[in-house]
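J.: Got a sequence here, can you build the structure:
(one chain, ligands or ions: 2)
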Amino acid sequence: MKISESDLIINPDGSIYHLNLLPEDVADTVITVGDPDRVGEVSKYFDKVDYKKGKREFITHTGYVGSKRVTVLSTGIGTDNIDIVFNELDALVNVDFKTREIKPNFKSLNIIRIGTSGAVQPDIPMGTILASSYGLGMDALMNYYIQEISEDEKSLKDDISAHFGHLGAIKPYLTGASSSLIDTIGKDLPKGITITAPGFYAPQGRLVRAKNAVPDFIKLINSFRSNQHRITNLEMETAGIYALAKVLGHQALSINAILASRVNFEFSKEPNKIVESAIKLVLERI
Ligand SMILES: O=P(O)(O)O[C@H]1O[C@H](CO)[C@@H](O)[C@H]1O
Ligand SMILES: O=c1cc[nH]c(=O)[nH]1
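T.: Numbering: from 1, shown residues only. Ligands and ions are numbered 1, 2, ... in the order given. A predicted model of the protein is given here:
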């Protein structure tokens, strides 16, 4: 079945609407980062950069780490951008842009996020590099997609829904990391459930001048327990990445550079150093 011109928008030069990429521009291993400036911080370690492209906040460099072809791409902030990036990345590899039909041979990408994040447990200090075992979305993205979840995900999600049930309108969604990527890239890293918030301030329990509707949000988050599971950190993309990757059949892992300790009220004075060590760790292991 042909995908219509308004559902899948292809620019006159054959590139996809927002990412401005051609199908051949995407490697099978994709690193996503939030900050467009971080793309160069990753690709400076490539042995060879084939090209650099971009539009809006979506900057892409593709090249080689040793003999492995790798794409690094910035998503900007938030799961609304993840919706765009993941649908367009998937279309680039799984839709024939000439016929507008789904290709007969499905391609699954390995997608690794290198992001920044704030920890909500006292034993996870600033400087930690943490792998998200699950992404827990407090945003609304997955209200718009049909997602099948495993029995394990369902039972953990039920405990989470009970814990956060009194928040009313919030309908959390939960997806596990790719087991193959977490067992390799994330093998010896601290792990935990990452909350993806629809904002940086009150949606992450911060208080500046506007009053928060949810009192003691960080306490509510860090007191959650279900068997061996606990919530370790807060950021703004992982849950959307995990959920859409699974819906579309890709493998995803989120690696978090912990810049803030929300329980100790601290923010790193050297955030770039922490991000740098997360980048090096991922590039050594992909
Ligand atoms: O550093 P990045 O990857 O952008 O990630 C985190 O930083 C941003 C907020 O400062 C949000 O995007 C959050 O998820
Ligand atoms: O606390 C933090 C730090 C980085 N990014 C976030 O979203 N939250």
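J.: For Glu153, pull up the helix or strand it's in.
T.: In this structure, Glu153 is located in helix 151-164 according to DSSP states H and E.
J.: in that helix, what counts as buried?
T.: Of the residues in helix 151-164, those buried under the neighbour-count criterion (16 or more other C-beta atoms under 10 Å) are 153, 156-157, 160, 163-164. Just so you know, the C-beta spots here come from the backbone N, C-alpha and C atoms, and that holds for glycine as well.
J.: Reformat those as CSV; add distance to Val30 and pLDDT.
T.: Converted to CSV, the buried residues of helix 151-164 look like this (distance: C-beta to C-beta, whole Å; pLDDT from 0 to 100):
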residue, distance to Val30, pLDDT
Glu153, 23, 96
Leu156, 27, 97
Lys157, 27, 96
Ile160, 28, 97
His163, 33, 95
Phe164, 31, 91
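J.: Kindly indicate which of those lies nearest Tyr201.
T.: Comparing the buried residues of helix 151-164 against Tyr201 with C-beta to C-beta picks out Phe164 as the nearest, at 18.6 Å.
J.: part of a strand, is Thr175?
T.: Yes. Assessed with DSSP: H, G, I helix; E, B strand; the rest coil, Thr175 lies in a strand.
J.: residues near the closest residue to it other than its chain neighbours, how many?
T.: Using C-beta to C-beta, 6 or more residues apart in numbering and skipping the chain neighbours, the partner closest in space to Thr175 is Tyr242 (3.8 Å). Tyr242 is surrounded by 31 other residues when neighbours are defined as other C-beta atoms under 10 Å.
J.: Could you pull up phi and psi at Tyr242?
T.: The main-chain torsion angles of Tyr242 are listed as degrees, to the nearest 10 and equal phi -60, psi -40.
J.: Thr194 now?
T.: For Thr194, the backbone dihedrals (degrees, to the nearest 10) come out as phi -100, psi 130.
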